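Chemist: generate a structure from the sequence data that follows.
(2 chains, ligands or ions: 2)
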Amino acid sequence: MDAIVCVKQIPDPETPAAAFSVDETAMKVVQASGVSPVINPFDQQGVEAALRLREAAGGEGTISVLSLGPDSARDAIKTGLAMGADEGYQLNDAAFEGGDAWTTGLALAKAIEKIGVPEVLIFGRQAADLDQGTVGSIVAELLGLPSATVLRSAELEDGAITVSRVVADGFESITTPMPAVLTISNEFGDPRYPQLRQIMQAAKKQVTVWSPVDIGLDAAQVGAAGARVKMHALFQPKNETQCEFIEADTAEEKATQLAAKLREVKLL
Amino acid sequence: MAQILVFGESGADGDPVAITAELLGAATRLNEAIGGDGVACALIGAELEMAAQAAIAAGASTVYRAQHDALAQYQTDSYLPVAAAIVEQVAPAIVLFGQTSLGRDLAPRLATRLGSAVAMDALALAAAGDRVQVTRSCYGGNARQVVTVESDPQVVTVRAKSQDPLPEDTSRTGDIVAVDAAPGAARARVVGKETADTSGVRLEDATIVVSGGRGLGAPEAFADLERIAADLGAAVGASRAACDLGWYPPSQQVGLTGTIVSPELYVAIAISGASQHMAGCGGSKNIIAINKDPDANIFRYCRFGIVDDYKKVLPQLELELKQLVADR
Ligand SMILES: Cc1cc2nc3c(=O)[nH]c(=O)nc-3n(C[C@H](O)[C@H](O)[C@H](O)COP(=O)(O)OP(=O)(O)OC[C@H]3O[C@@H](n4cnc5c(N)ncnc54)[C@H](O)[C@@H]3O)c2cc1C
Ligand SMILES: Nc1ncnc2c1ncn2[C@@H]1O[C@H](COP(=O)(O)O)[C@@H](O)[C@H]1O
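Modeler: Ligands and ions are numbered 1, 2, ... in the order given. As a prediction, the model looks like this:
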């Protein structure tokens, strides 16, 4: 079973709220000091999903990790390789800068066609930077493939894939023929930790780098030039709430006073 | 012509659902702002009579109804060609979806099929010339982005509870147009459904939500929360950390990737208040928290806070709240 996992490098989404800041003029996040960018956590679970599917299929097949991003995005690819993926591909060129979900989806779809469409195409449910959750569906549409999104599990069954999709009121079980596009949610469970030996091996592995022409696109179709969504502002919302702490000697008294407050302000 | 098309939703039994009226409220205001010529609502499903009437009462001048047994349940492949056919027929400038299980899945595929793009999870919509300026949350709720879709039609998904519906007006009249587009053959087929236990108050409808986090220390503590919630007529929610630990079902997760709630009162017990959690409950009218860490982020959003071990606070609080409810 062959698979391609698309991974994005993003500012660490676990950055404490107090350390998060944006440059409103540049419309960019200021990287918090001491906090390195990371592989999108859902994409790391995507690599895990691919590895588990391959294991279930008997261990044969190639898992490729694909990322569009600047030089540093190589680290996200290496994370996937260290976990057990075989090949790394990076779309890295100045022309890709300033793109949106559409240009990203288009470039990834072209790269996937060049690599060869595998049985399974895996994405994260959303990249935890812009929190959009559209690239998987865009690629599925461009390649004309069935898709199942926001998944907590995926299993191979008689040459098809059966997945469990997280929906508002529970879970749906969906069966799809391959090739198929799957997007993975956190309910999938923790990804494996690479061993030191695997990290060293991954560090030595070559990553194939492609520019737009390598995947049959010209510069006007990618990056800011090809984008369909335009950003006009990026800012941090203001939060004006002032917390009134309930002070008392014992926890019981605090509970009593809180209830009295709730009664006083007619909240209950 | 500047027409706004809303993709409404209906419940499993054909009931109207709140997001449709919220979208129609937003669409009506946008339509006025851009001097457009009306708001249409598309409904796809197997049983749509009630939802169609409700859409008209909520502001739709025309309802495009695609009714077919094969459309009883949302499936990407079966809905997609029907949705595309409706957009082709209506030729709207703007297409609105809810940021729901359906909207998240269908909107980006539809936008791509139409040669356009989508802005996801709008909190606010404003007209700027012939574009909709979409304010949306990003970076786990830490930031806001203002974007426009520069291609046509402009597809936008809108967060639940972010838009006020119009007052329901059952005397409004409108056309219901039957659409006979054939459902697509589903490759990815829904073969089963596991519905979460919905015996309690539904999270998204609750006026009071009592939520627990990792600091509860053990799944058993949720039983205490459930008792308190039952007394208050409240729903029980959980942080993702608690859900990921298997302490509470994912359907009860509050947050960016869970349910968005906006109750009158949100009670956060042993929850740190990470931005992604606040993205799901920040719209609550009042938040109170019990947390042993005085610097916990949750307190930045609270009206009242108790800094203490929840285990010591909860038994007395339960008694007090019972009394409060009895006195009401
Ligand atoms: C992309 C992404 C999406 C996410 N989506 C969501 C989401 O939708 N919803 C969500 O909730 N999270 C989400 N998260 C996770 C989020 O970042 C936090 O990790 C999570 O909300 C933390 O849960 P918590 O507050 O229960 O746990 P913790 O952060 O561990 O906090 C536990 C709190 O309990 C307090 N505590 C401990 N013991 C006691 C005690 N005895 N009495 C009182 N207080 C005590 C501690 O002081 C602490 O503040 C997401 C994360 C990412 C990266
Ligand atoms: N620049 C990128 N390179 C590779 N994969 C990406 C990129 N951007 C998004 N993706 C994939 O698409 C998923 C959804 O991203 P998004 O639609 O941006 O939220 C991510 O979880 C990744 O799997």
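Chemist: is residue A:90 in a bridge, and if so with what?
Modeler: residue A:67, residue A:209 (DSSP bridges).
Chemist: that one: what's it in contact with?
Modeler: Residues in contact with residue A:90 (C-beta atoms under 8 Å, 6 or more residues apart in numbering or on different chains) are A:66-69, A:73-74, A:77, A:207-210. (Glycine included, C-beta is placed from N, CA and C.)
Chemist: quick one: which of these is nearest residue A:167?
Modeler: Using C-beta to C-beta, residue A:66 is the member of the contacts of residue A:90 that lies nearest residue A:167, at 27.9 Å.
Chemist: so what's the closest residue to the closest one other than its chain neighbours up against?
Modeler: Distances taken as C-beta to C-beta, 6 or more residues apart in numbering or on different chains place residue A:89 nearest to residue A:66, at 4.6 Å, with adjacent residues excluded. By C-beta under 8 Å, 6+ apart, the residues touching residue A:89 are A:64-67, A:77, A:111, A:115, A:207-210.
Chemist: before we move on, the earlier item: pick out the most distant pair among the contacts of residue A:90.
Modeler: A:69 and A:208, at 14.2 Å, using C-beta to C-beta across the contacts of residue A:90.
Chemist: between those two, which is the more surrounded one?
Modeler: In this view residue A:69 and residue A:208 are compared by other C-beta atoms under 10 Å in any protein chain shown, and residue A:69 has more residues nearby, 21 against 16.
Chemist: per-residue confidence at that one?
Modeler: On pLDDT, residue A:69 comes in at 98.
Chemist: quick check: it vs residue A:179, distance?
Modeler: 24 Å (C-beta to C-beta, to the nearest Å).
Chemist: close to ligand 2: what parts of the stretch 51-200 of chain A are there?
Modeler: A:66-69, A:101, A:104, A:108, A:123-124, A:126-127, A:130, A:132-136 (C-beta under 6 Å from any ligand atom).
Chemist: which ones among the residues you listed lie within strands?
Modeler: By the criterion of DSSP state E, membership of those in strands covers A:66-68, A:123-124.
Chemist: phi and psi next, for the residue lying closest to residue B:259 once chain neighbours are set aside.
Modeler: Ranked by C-beta to C-beta, 6+ apart and with sequence neighbours excluded, the top spatial neighbour of residue B:259 is residue B:203, at 4.9 Å. With angles defined as degrees, to the nearest 10, residue B:203 sits at phi -50, psi -50.
Chemist: neighbours around residue B:203, how many?
Modeler: Neighbour tally, residue B:203, other C-beta under 10 Å: 27.
Chemist: now residue A:85
Modeler: 26.
Chemist: wait, it sits on residue A:63?
Modeler: Yes - using C-beta atoms under 8 Å, residue A:85 is in contact with residue A:63, at 4.3 Å.
Chemist: anything in contact with each of these two?
Modeler: Joint contacts of residue A:85 and residue A:63 (C-beta under 8 Å, 6+ apart) are A:5, A:47, A:50-51.
Chemist: number of nearby residues for the closest residue to residue B:179 other than its chain neighbours?
Modeler: Of all residues not flanking residue B:179 in the chain, residue B:66 sits nearest, at 4.2 Å (C-beta to C-beta, 6+ apart). A count of nearby residues for residue B:66, using other C-beta under 10 Å, gives 22.
Chemist: OK, contacts around residue B:126?
Modeler: B:33, B:132-133, B:135.
Chemist: can the one helix or strand residue B:19 maps to be said to contact chain A?
Modeler: In the assignment (DSSP states H and E), residue B:19 maps to helix B:18-33. No - counting by C-beta under 8 Å from any C-beta of the partner chain, chain A is not contacted by helix B:18-33; separation bottoms out at 10.3 Å.
Chemist: where do the helices sit along the chain?
Modeler: Because you didn't say which chain, this covers chain A. A:41-56, A:74-83, A:101-115, A:135-143, A:196-204, A:223-226, A:251-264 (DSSP state H).
Chemist: you answered for a different chain; I wanted chain B.
Modeler: B:18-33, B:49-57, B:76-90, B:101-113, B:221-232, B:240-244, B:275-281, B:310-327.
Chemist: just give me the longest strand of the chain.
Modeler: No chain in the question, so chain A it is. Under DSSP E, chain A gives strand A:147-157 as its longest strand.
Chemist: wrong chain, I was asking about chain B
Modeler: From DSSP E, the single longest strand across chain B is strand B:117-128.
Chemist: give me the mean pLDDT for it.
Modeler: 97.
Chemist: ok, residue 257 - contacts?
Modeler: Since you didn't name a chain, this refers to chain A. Per C-beta under 8 Å, 6+ apart, neighbours of residue A:257: A:246, A:248.
Chemist: other chain: chain B
Modeler: Residue B:257 neighbours (C-beta under 8 Å, 6+ apart): A:125-126, A:185-186, B:240, B:276.
Chemist: do residue A:81 as well
Modeler: Counted by C-beta under 8 Å, 6+ apart, residue A:81 has contacts A:65, A:88, A:201-202, A:205.
Chemist: now chain A against ligand 2: closest residue?
Modeler: Closest residue of chain A to ligand 2, C-beta to the nearest ligand atom: residue A:124 (2.3 Å).
Chemist: beta partners for that residue?
Modeler: Here residue A:124, judged by DSSP bridges, has bridge partners residue A:184.
Chemist: and the nearest residue to residue B:238 once chain neighbours are set aside, how many neighbours does it have?
Modeler: The shortest distance from residue B:238 to any residue other than its chain neighbours is 3.9 Å, reached at residue B:248 (C-beta to C-beta, 6+ apart). By other C-beta under 10 Å, 24 other residues sit near residue B:248.
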